[in-house]
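Student: with the input below, show me the fold.
(3 chains)
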Amino acid sequence: MTTESTQYIAPDQNNPAVRKGQEDRLREVWKPPSGWFFRWTDVNNNRIGVWYTLTAFGFMLFAGVLALIMRTQLAVPNNDLVTANTFNQLFTLHGSMMMFLFAVPMFEAVSIILLPQLLGARDLPFPRLSGFGYWSFLIGGVFVSGSIFFDAAPDGGWFMYPPLTTRTDLSGLGADIWMLGLSFIEVSSVAAAVELIVGVLKCRPPGMRLNLMPLYAWYILVVAVMILFAFPPLIAGDVLFEMERLLNWPFFNAEKGGDPLLWQHLFWIFGHPEVYIVFLPSIALFAMLIPTFAQRHLLGYPWIVLAAVGTAFLSFGLWVHHMFTTGLPKISLAFFAAASEAVAIPTGVQIFVFIATLWAGNVKKSTPLLYASGSLAVFVIGGLTGVMVAVAPFDWQAHDTYFIVAHLHYVLIGGTLLPLFAGLYYYWPLVTGKKLSDKLGRIAFWIMFVGMNLTFFPMHLSGLLGMPRRVFTYPEELGIGGLNLASTAGSYMFALGVLIVCIDLALSPRRPKAPRNPWNAGTLEWLALPDDEDWGIRSVPLIESRYPIWDQKNFVQKVDEGRFFLPDAEEMRRESIITTVLDARPLQVIRLGTPSVKPMMTAVALAGVFILTTYHLYIWSAVSGVATLACVLWWLWTGTAEIPEKPTKHIGHGIEVPLYTSGPSAPGWWAMFITMMADATAFSGLVFGYFFFWTIHNDFPPSGVGLNGPGVFWPMVALALTLTGWAATVGAREVHRRCNVGAGRALLIVGIVATLASLFAGLAGPWYSGLDPELHVYPAIVWTLAIWTAVHAAIGVIMQAYTLARSLAGKMTPIYDADLRNITVYHHFLALTGIVTFCTIGLFPGVA
Amino acid sequence: MTEPKSDRKHWARDLKVTLWTLIVPPTIWAVHFLFCYLWVAVTCAKSSTPGTALTGFPLATLIATIVALLGIVAAGYIARVQSETPGDPAPHEQGTAIDRLRFLALSTRLLAGLSFVAVIFTALPVIMFGDCR
Amino acid sequence: MRKAIFLSVGACLPLLAACNRHQSTLAPFGEEADKVLSITIVLVIGAIILAGGLALLMRHAMRAPEGRLTHKGGMKLVLWLGGIGPSILLLGLLLYALPAMRPREVANSDLRIGVEGEQFWWRVRYAPPGGSVVETANELRLPVGRTVELSLRSPDVIHSFWVPGLAGKMDMIPGRTNRLVVRATKAGTYRGVCAEFCGLGHALMAFDVIAMEPAAFERWLAAQRQPATVTASPGARLFASYGCSGCHSVRGVGPVAKIGPDLTHFGSRPTLAAGVLPMTHANIAGFVRDPGKTKPGVRMPAFPQMSAAEADQIASYLQGLK
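Tutor: Numbers count the residues shown, from 1 in each chain, chains lettered A, B, ... in the order given. Next comes the predicted model:
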């Protein structure tokens, strides 16, 4: 407890008055905003997480009601409760909402609540980004789901196969609402993923080396990385899709050289990892609650990490198993069948880790454990039918039938919904300080469990008996009326179970507070007090065990008495500790974002871009785009990379760390790097498109008027300019760092000019060669790559100009140069994008 | 669990272990998988008749598979040596540098096992199918 | 053996008693579907054993007193049951099941049938070796015991050709031609459906599949090749005056029109409107006046101005096209 520094005298944590002073300051600093409007500008993870969770839960209930209507329609053969048109909207919206508005956001919502608690951090590294993500999600979700009240909901099925959905004579506004509304939500999902990755890697408490991380954090890391690589191909697909719908660029139109299968590839490269993205977080909840109820450490920690990482990798090699019936070569199908079987191995490992832990431990029966074991049972059945449908010949029969409907609901209810209820009963005391009713919970569980099986088990049979999915009715002669009636009865039973859970939640405010850590768990998050304080954790602990509450002596008391790190907020700022990736050594104290209206305004402006485009109001949409840019710049200018009033700060125990870092040790640099990984993945989706079209055409590029281009000259000029812009930026960083501010600014100006010129040169190739993108898919994809690169160059120019302005405004100096370092990361990726684009469109036609 | 060998110094223990080394074995799987899939996809999409034979593909797969398996075994071997780094008491769940190293190495080793199996699975179809149908 | 399993499954699930025999993967009439059914049975039995075993193990684990399983024992459990066991099992499964994907060999002398899925009906073209092409619609006839290559295409959106009793499904994708090689083994009348969501009328896009003895098939095909034997009737005149012949061919009578189904031998088909209605006089008359009532999204326009009597005459004419 001694300090090295002579001037600095550590506070006396034994003195209650000192502690009281610290607590008052922390409380004041973390006080939520008030007022009927300003309370919604809060960015604290406790509040955002709860709003996020409730909103996702609400969307789940809404989508569930849609399913009930469908089941009612299908209760008897030849029913006419709803029209075919309504039915198609119902199943499309049900699937899309459950996936995009419930399963993925719910994982992110729960993680926003839990992650800081699990890591003993005061908040996530970018609280305002959480706020932005939430508001985007809310607006986008309401936009998409509300469309059903105007009979304008998407009606092409949740995977929206073109050409049914791209031909404007066959599908209406619903397709645009799906594409643009959900793209907007995908952007917010990626934003949340960036935040969670940085949270896990950089915001752990001192001493929490990688091998001591709570398993939930491991899963979050893995899942967030999966989101980073899975969502961008869909975003690339969305771009192509909307170009076809709005501009008539024929990516999926076979008559003009397009191919509907490209969409299927891009969609399922997203779609299959997606299944694991929504499943792994549930396993993560198990990994937290099973040790608690077995009252022992989880047995086989590295095995869980193996399973999570292994699943993440393999899940990207499965996508074609959704395309087993598209007529691809059998040997290709076999590769994917093999990978689909292989992914069952890590899944099995996880299940056996849980069984072994329960076996070795002293099992305490409880409602959360009941839900967990019940959902494992359901999931195992879904997993086994999954192994069955991975066998391609069997899938040829089962594909697109009710067998698949049964399979995917077993997987998703057993692997997402019921585990979330387990988590709800387990973590409710953490969030509200109160327990839910064990009795109601059990009753609800059994009703749901029986209802679920009654609904979905018969569907295996109706599928094998010839019932395709997505039919609004079926003939009596099929002999599946009884099975369907059973399914319908089961669905109402399931709904009753959900209703009981909702009643249980509604009764919660009238119940007394539970004691702290009511389950006697061993992990950090249970430090939370029943009357929660917004500061998250009283002092950031030094971690020496995976279950510190169980294993470390007087742990809770020491945390509460502020005997660990950062027990105070002397400068009245919201702060958290940044540590190293592998060993969690303290690196920095960061100042966190405070409540602000900026994230909300940015979300509204960005929503305008997507929503106005849906209605073809392009001018207003452009206005909205400019407003978004203005909001983002305002947000960054006023709230990031702030030069601190002093260079370093004592965090206790003689450790003094900087208040500002730049480059790879700073969270902002990581956020930029991770965001650009996602961006590069989306770009690779478009490049994949180019080469995909090359493989299916013997003459690619084709010859003819409007088809020849873009030549070699302009692409090479653009490439040279892009690289000049890049070199100037890197050079600026280097000379600036060596205190040559003037040369740095000059190089930035060179960078701006070169990058701006590269933008025009990149577009000049297709422009001057007269490539007509409506004519054939070749000019369309060339234009798309050129425009993608040009847009990125434009953003690059804005960044360079922003950095220059920061320098001129004195907000950036050779020591405090995070802005310049972060934009350099962007320019590395821009250079890469330029190299790939210009070599592909300029040089590939010469060698193809 | 004391292996006499593990007390000796070993070159593999001097290698750095990070989150990136953890994903080496599954990355090898991914490259092998893509190699097999892309070869077939491009050959078959480029040919006009459905019965086009995949000439040279079995041999290429064999070589790629051997290379991939050797890579995975090498990564697994290094991880195995590292995961038996001596020092610190069992069960190696403490917050020490050695236990962190052992954990990452053990996870890598397990991933090598999984990747090994997955590579063999991926190579299987080449025994059964020889053309683009 | 398979029958025994079947019966036992049937006994457990009385709901199955009512199940159909004409559109079911469990009642195959083709070699491909038969092969898949064998795989299905193996998979189902395997899944039941594994699920049961896991349930018992889970129960045991929950009840075992603390410390019954040591750390080392637990690791062995995970390694063997979680890792190595499934790897071996799945390897076996792949070796067993994947060869079933090998397609049947097709000879030049085999029958080729082109099927096009269109919103929301099926265009069927028979191309017998050495013979001319014959076009029909919404009905697929197959000679029993002969290898048939189906070429599957689509001019509009993605459909999927699925005859559960014959073989697994195969998609029909615009711009691509997919091939499905089948061999029917048992004569009878069966049903196929569209399995890929294709729009409003997707649920009502079915067709009849009739497997016939080869000799009967040849006779039928020869009859189909003939133009319509038609007598001038009021129905025929109405058919022309309402513009029906602008979309539907009746070979030998009207102009060649390729937009809607060929109706040359319409009366000989068992069902109407792509496998949706039985071929009765009343059904035809009703469908002709307002097809959208039966089939949402159908491309054929309604004729509200057509009187019931006129519809009757058109129905008589069409039913006479044997």
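
Student: not counting its neighbours along the chain, what's nearest A:Q588?
Tutor: Of all residues beyond its chain neighbours, the one nearest A:Q588 is A:I578 (4.2 Å), with distances taken as Cβ to Cβ, 6 or more residues apart in numbering or on different chains. From N, CA and C alone the C-beta is placed, and that goes for glycine too.

Student: now for the strand or helix carrying the one you found, which elements pack on it?
Tutor: Per DSSP states H and E, A:I578 falls inside strand A:575-579. On a contact count with 3 or more Cβ pairs under 8 Å, 6 or more residues apart in numbering or on different chains; DSSP states H and E, strand A:575-579 meets strand A:586-591.

Student: okay, buried residues for the next helix or strand along the chain from the strand it packs on please.
Tutor: Following strand A:586-591 in sequence order, the next helix or strand is helix A:598-614 (DSSP H and E). Buried residues in helix A:598-614, counted by 16 or more other Cβ atoms under 10 Å in any protein chain shown: A:598-614.

Student: what's the following helix or strand after helix A:598-614?
Tutor: Helix A:598-614 is succeeded, C-terminally, by helix A:618-639 (DSSP H and E).

Student: contacts only, for B:G95.
Tutor: A:207-209, A:211-212, A:543-545 (Cβ atoms under 8 Å, 6 or more residues apart in numbering or on different chains).

Student: quick check: nearest residue in space to it, chain neighbours excluded?
Tutor: A:E544 (4.5 Å).

Student: that neighbour contacts A:D551, correct?
Tutor: Yes. Using Cβ atoms under 8 Å, A:E544 is in contact with A:D551, at 7.4 Å.

Student: which SS class is the closest residue to chain B within the stretch 1-150 of chain A?
Tutor: Nearest residue of the stretch 1-150 of chain A to chain B, counting by Cβ to the nearest Cβ: A:G120, 13.6 Å away. In three-state terms, and counting by DSSP: H, G, I helix; E, B strand; the rest coil, A:G120 is coil.

Student: that one is in contact with A:W535, isn't it?
Tutor: No. Counting by Cβ under 8 Å, A:W535 is not a contact partner of A:G120; they are 11.6 Å apart.

Student: what about these two, which has more around it?
Tutor: A:G120 (30 against 22; other Cβ atoms under 10 Å in any protein chain shown).

Student: what's the neighbour count on the residue lying closest to the more buried one once chain neighbours are set aside?
Tutor: Distance criterion Cβ to Cβ, 6+ apart; nearest residue to A:G120, sequence neighbours excluded, is A:P205 at 3.9 Å. When counting by other Cβ under 10 Å, one arrives at 26 neighbours for A:P205.

Student: please apply the same query to A:N698.
Tutor: A:N698 has 10 nearby residues by other Cβ under 10 Å.

Student: report the contact partners of it.
Tutor: A:N698 neighbours (Cβ under 8 Å, 6+ apart): B:46, B:48.

Student: now do it, the pLDDT please.
Tutor: According to the prediction, A:N698 has pLDDT 89.

Student: which SS state does it fall under?
Tutor: coil.

Student: circling back: for the residue of the stretch 1-150 of chain A closest to chain B, phi and psi?
Tutor: Here is the backbone geometry of A:G120 (degrees, to the nearest 10): phi 60, psi 30.

Student: now do A:T594
Tutor: Torsion angles, degrees, to the nearest 10, at A:T594: phi -100, psi 170.

Student: nearest residue to it in space, please, no chain neighbours.
Tutor: That would be A:R574: by Cβ to Cβ, 6+ apart, it lies 6.0 Å from A:T594.

Student: one step back: check contacts around the residue nearest to A:G120.
Tutor: So A:P205 contacts A:119-121, A:524, A:540-543, A:565, A:577, A:579, A:584 (Cβ under 8 Å, 6+ apart).

Student: how much space separates it from A:P567?
Tutor: The gap separating A:P205 from A:P567 is 13 Å, by Cβ to Cβ, to the nearest Å.

Student: tell me where the stretch 101-250 of chain C has helices.
Tutor: Applying DSSP state H, counting those that start in this stretch to the stretch 101-250 of chain C gives helices spanning C:214-225, C:234-241.

Student: and if you look at chain B?
Tutor: Assigned helices in chain B, in chain order: B:19-22, B:24-46, B:57-83, B:97-123, B:125-128 (criterion: DSSP state H).

Student: domain ranges for chain C?
Tutor: Domain ranges of chain C: C:2-101, C:234-319, per automatic domain parsing.

Student: can you check the distance spanned by the last one, start to finish?
Tutor: With Cα to Cα, to the nearest Å as the measure, domain C:234-319 spans 13 Å from end to end.

Student: could you measure from the residue of chain C most remote from its centre over to A:A356?
Tutor: The C-alpha centroid of chain C is most remote from C:G67, which lies 57.0 Å away (Cα atoms, centre = their mean). Look at C:G67 and A:A356: by Cβ to Cβ, they are 13 Å apart.

Student: and A:L376, by the same measure?
Tutor: Applying Cβ to Cβ to A:L376 and A:A356 gives a distance of 13 Å.

Student: how far off centre is stretch A:290-302?
Tutor: Distance of stretch A:290-302 from its chain centroid, counting by Cα atoms, centre = their mean, to the nearest Å, is 27 Å.

Student: so is it next to chain C?
Tutor: Yes. Stretch A:290-302 reaches chain C (Cβ under 8 Å from any Cβ of the partner chain) through A:295-296, A:299-300.

Student: wait, A:F324 touches A:D400, no?
Tutor: No. In this structure, A:F324 is not within contact of A:D400 by Cβ under 8 Å, at 10.2 Å.

Student: longest helix of chain A?
Tutor: Max-length helix for chain A by DSSP H is helix A:260-294.

Student: no more questions from me, cheers.
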